[in-house]
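1. coordinates only, sequence not included:
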């Protein structure tokens with residue numbers, strides 16, 4: 001049996017603007033979980049400072065003591081990363097540049113760049129090339145030893 005179809009079909013799907021909903025789900029979901037590579041600049045038993053690019057931030061006292069008890073002065077030679085949620089408020093902040101703004105229907109997100117690393121933040125009416133202040137909450141972050149692939153301190157950040 002031969003079947004012949006005729007007619008014109010056209011479609012234009014922009015995934016970035018598609019919103020699928022169902023009984024128990026809604027997609028897309030953007031992760032606001034961000035990873036910043038850093039190095040330890042200064043380590044003492046009472047004080048720890050991390051550096052990423054031009055940003056320097058002091059680690060809270062309790063967290064600094066836990067890290068010092070775990071690695072001691074070896075932190076100075078360890079490739080570290082901080083995993084944090086860009087949705088949180090924090091004492092440390094840095095400025096990132098907006099590369100793109102994504103409209104997913106239910107939410108808007110800005111795709112930003114800081115020191116060569118790209119990630120998402122919730123959009124507050126940003127435009128491309130805007131400077132965005134990103135807050136870093138170390139109390140709600142995870143500190144990872146990238147050399148040995150182990151978690152040194154902190155708690156798993158909330159994933160939206």
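-> Looks like it came in fine. Here the structure is a predicted model, which is why all the values come from computation and not from measurement.

2. Can you give me the buried ones in stretch 77-88?
-> 78, 80, 81, 82, 83, 84, 85, 86, 87, 88 (16 or more other CB atoms under 10 Å). Glycine gets a C-beta too; all of them are placed from N, C-alpha and C.

3. Over to stretch 61-74?
-> 63, 64, 65, 66, 67, 68, 71.

4. pLDDT on that stretch, on average?
-> The average of the pLDDT scores along stretch 61-74 is 84.

5. Next: stretch 127-142.
-> 84.

6. Show me which positions of that stretch end up buried.
-> Per 16+ other CB under 10 Å, stretch 127-142 contains these buried residues: 132, 134, 135, 136, 137, 138, 140, 141, 142.

7. give me every residue that touches the residue minimising distance to the centre of the chain.
-> The centroid of the chain falls nearest to residue 34 when counting by CA atoms, centre = their mean (1.5 Å). Listed by CB atoms under 8 Å, 6 or more residues apart in numbering, the contact set of residue 34 reads 83, 84, 85, 86, 117, 119, 120, 134.

8. Tell me the secondary structure of residue 69, please.
-> helix (DSSP: H, G, I helix; E, B strand; the rest coil).

9. repeat for the one 3 residues further on
-> Secondary structure of residue 72, reduced to three states by three-state DSSP: helix.

10. Could you report the neighbour count for the nearest residue to residue 56 once chain neighbours are set aside?
-> Leaving aside its sequence neighbours, residue 56 sits nearest to residue 49 (CB to CB, 6 or more residues apart in numbering; 5.9 Å). For residue 49, the count of nearby residues is 16 (other CB atoms under 10 Å).

11. In what element of secondary structure is residue 49 found?
-> strand 48-52 (DSSP states H and E).
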